[in-house]
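Undergrad: below is the structure, and that's it, no one-letter string:
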Ligand SMILES: Cc1cc2nc3c(=O)[nH]c(=O)nc-3n(C[C@H](O)[C@H](O)[C@H](O)COP(=O)(O)OP(=O)(O)OC[C@H]3O[C@@H](n4cnc5c(N)ncnc54)[C@H](O)[C@@H]3O)c2cc1C
């Protein structure tokens, strides 16, 4: 079967990889001159299999008013004259219930553990170089009440397959000496040895190399403009390089996914949640963390990727323009003052393709030859291989290893009819 994958970010490439492994002829269409140059470029680098709880939860709503007043709040809202933004916010607020957050967490954990097994198989099989490390993750709490709540969650997470330990402040510093400057404000930490990290952009390049070596085509510098259909069948894609045709089409345009299918009557509840990162060189005299660290209160993540430190965080509901933000630098300097030569940092910003509930949108559409693989939000690198395998299994008509429940278009839109 010929399959056209629309979008050359980590999600599209992982789907292309899984489809190519099944023997399909695959082509990836991408508007940039290379793959992985948008949201998959300099993200947090966390393969965060056990930390998938959605942003929408019962504890979030009371925090929003004070966050709105702070420049360094982890979630910021800049209202725009954009109906899609307001609609997304309303659906987000409706998803902030205990029941919905638990349901979403369970579903995401299943998909994340599935993705972890596929990532481990990928690493074993492909010997790809992407600064991959199985170095564990330590979530550091500065609020004792938040730490107590996290400790109470340990048993629940363990029943779903997580192996985690609660550590005192001293145990946190013993495990990761680079935390010593942060020690006075640490109440405790939760350590998960089974978490991984890697460079998402290098992972994209590795997938491109593997795919090209196996005959896949890359149509770069090619802008997708419109899906052409006849009744309920997609007949082709109108692009800047002419009309492209295939037997099946996989939509993986990240935050740009909704506009392409809107003319077909498909509404995808995806809105860009802007995030920021810094990449800092780590030299021999520096004291930078080796294991992945999450500062729970500030929602900032730190990952060691080879001889660099990647810092990522913040979530801005602020439209589609990606521009950098200075607050991460102040935070990093305060947390890890000896981590790097801060004058050599590389700032970046990207648009998470976020859904209100925090679940990706996967699977079939009313157009049987169009499949959706989008809306992975803050977990696109973590979930890419699991989602890609689901897409390949759906294309082959195989039974899925993980249930699609909660990820389908119908449910993403709150159970309404199309
Ligand atoms: C600050 C930050 C930190 C993050 N940290 C992590 C993390 O630690 N772990 C994790 O798992 N995830 C993380 N994420 C989320 C992750 O980066 C995203 O979920 C993921 O990159 C989304 O991949 P994608 O392929 O869907 O989107 P993209 O990477 O944006 O790919 C979509 C592609 O479609 C192309 N495209 C769009 N429109 C068109 C068009 N009209 N024609 C042709 N091509 C088009 C784009 O050029 C782009 O290359 C983070 C995100 C941010 C912003």
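TA: Yep, it's here. Note that the structure is a prediction, hence the values are computed from the model and not measured. Numbers count the residues shown, from 1 in each chain.
Undergrad: please count neighbours and contacts with C-alpha atoms only from this point.
TA: OK.
Undergrad: so where's the longest helix in this protein?
TA: helix 98-126 (DSSP state H).
Undergrad: which strands and helices lie in contact with that helix?
TA: helix 380-396 (3 or more CA pairs under 8 Å, 6 or more residues apart in numbering; DSSP states H and E).
Undergrad: buried set for the helix it packs on?
TA: 380-395 (16 or more other CA atoms under 10 Å).
Undergrad: now, which of these lie close to the ligand?
TA: Among the buried residues of helix 380-396, the residues within reach of the ligand (CA under 6 Å from any ligand atom) are 380-382.
Undergrad: circling back to that earlier point, show the average pLDDT along the longest helix of the chain.
TA: Taken as a whole, helix 98-126 has an average pLDDT of 95.
Undergrad: what of stretch 176-192?
TA: Across stretch 176-192, the per-residue pLDDT values average to 96.
Undergrad: from the middle of its chain, how far away would it be?
TA: With CA atoms, centre = their mean, to the nearest Å as the basis, stretch 176-192 stands 25 Å off its chain's centre.
Undergrad: need the ones next to the ligand among the buried residues of helix 380-396 in TSV with pLDDT, can you?
TA: Listed next are those as TSV, based on pLDDT from 0 to 100:
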residue	pLDDT
380	98
381	98
382	98
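Undergrad: OK, contacts around residue 379?
TA: Residue 379 makes contact with 48, 52 under the criterion CA atoms under 8 Å, 6 or more residues apart in numbering.
Undergrad: and the pLDDT at it?
TA: Reading off the model, residue 379 has pLDDT 98.
Undergrad: how much space between it and residue 47?
TA: Distance of residue 379 to residue 47, given as CA to CA, to the nearest Å: 8 Å.
Undergrad: residue 298 too?
TA: 19 Å.
Undergrad: kindly report the same for residue 274.
TA: Applying CA to CA to residue 274 and residue 47 gives a distance of 19 Å.
Undergrad: quick one: which of those two has more around it?
TA: residue 47 (29 against 26; other CA atoms under 10 Å).
Undergrad: out of everything not next to it in sequence, what's closest to that one?
TA: Nearest non-adjacent residue to residue 47, counting by CA to CA, 6 or more residues apart in numbering: residue 382, 4.6 Å away.
Undergrad: wait, doesn't the one you found sit right on residue 111?
TA: No. In this structure residue 382 lies outside contact range of residue 111 using CA atoms under 8 Å: 9.4 Å.
Undergrad: contact residues of the stretch 201-350 of the chain facing the ligand?
TA: 222-225, 252-254, 256, 274-277, 312-313, 350.
Undergrad: try 5 Å this time
TA: 223-224, 253-254, 275-276, 312, 350 (CA under 5 Å from any ligand atom).
Undergrad: so which bits of stretch 202-217 are buried?
TA: 202-208, 210-211, 216-217.
Undergrad: and which of the residues you listed is nearest to the ligand?
TA: residue 204 (9.2 Å; CA to the nearest ligand atom).
Undergrad: next one: phi and psi at that closest one?
TA: Main-chain torsions, residue 204, degrees, to the nearest 10: phi -60, psi -40.
Undergrad: and it, what is it in contact with?
TA: With CA under 8 Å, 6+ apart, residue 204 has these contacts: 9-10, 13, 35-36, 40.
Undergrad: pLDDT at it, what is it?
TA: Looking at residue 204, the pLDDT reads 98.
Undergrad: out of the buried residues of stretch 202-217, which sit inside strands?
TA: residue 217 (DSSP state E).
Undergrad: distance to residue 345 for the buried residues of stretch 202-217 - can I get that in CSV?
TA: CSV is the format used below for the buried residues of stretch 202-217 (distance: CA to CA, whole Å):
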residue, distance to residue 345
202, 19
203, 22
204, 22
205, 22
206, 25
207, 27
208, 27
210, 31
211, 32
216, 36
217, 35
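Undergrad: tell me the helices in the stretch 301-418 of the chain, going along the chain?
TA: 327-335, 380-396, 409-412 (DSSP state H, counting those that start in this stretch).
Undergrad: what is the helix or strand hosting residue 15 packed up against?
TA: Assigned by DSSP states H and E, residue 15 belongs to helix 10-21. Here helix 10-21 touches strand 2-6, strand 25-29, helix 200-213, strand 370-374, helix 380-396, going by 3+ CA pairs under 8 Å, 6+ apart.
Undergrad: from the chain's centroid, how far away is it?
TA: Per CA atoms, centre = their mean, the centroid offset for helix 10-21 relative to its chain is 16 Å.
Undergrad: do the same with stretch 309-322
TA: 12 Å.
Undergrad: pull out the buried positions in stretch 88-107.
TA: Applying 16+ other CA under 10 Å to stretch 88-107 flags 88-89, 91-93, 95-97, 100-101, 104-107 as buried.
Undergrad: what's the neighbour count on the closest residue to residue 308 other than its chain neighbours?
TA: Spatially, and ignoring its direct neighbours in sequence, residue 308 is nearest to residue 281 (4.5 Å; CA to CA, 6+ apart). Using other CA under 10 Å, residue 281 has 21 neighbouring residues.
Undergrad: which of the residues in stretch 67-78 are buried?
TA: For stretch 67-78, by 16+ other CA under 10 Å, it's 72-77.
Undergrad: of the residues you listed, closest to residue 193?
TA: residue 74 (25.6 Å; CA to CA).
Undergrad: quick check, pLDDT for that closest one.
TA: Reading off the model, residue 74 has pLDDT 69.
Undergrad: check residue 149 too.
TA: According to the prediction, residue 149 has pLDDT 87.
Undergrad: just say helix, strand or coil for it.
TA: Under DSSP: H, G, I helix; E, B strand; the rest coil, residue 149 falls in the helix class.
Undergrad: from residue 166, how far off is it?
TA: Here the criterion is CA to CA. By it, residue 149 lies 11 Å from residue 166.
Undergrad: with the buried residues of helix 380-396 in mind, which one is nearest to residue 232?
TA: Nearest to residue 232 among the buried residues of helix 380-396, with distances taken as CA to CA, is residue 395, at 16.8 Å.
Undergrad: against residue 183, how distant is the closest one?
TA: 51 Å.
Undergrad: for residue 198, same thing?
TA: Relative to residue 183, and taking CA to CA, residue 198 is found at 26 Å.
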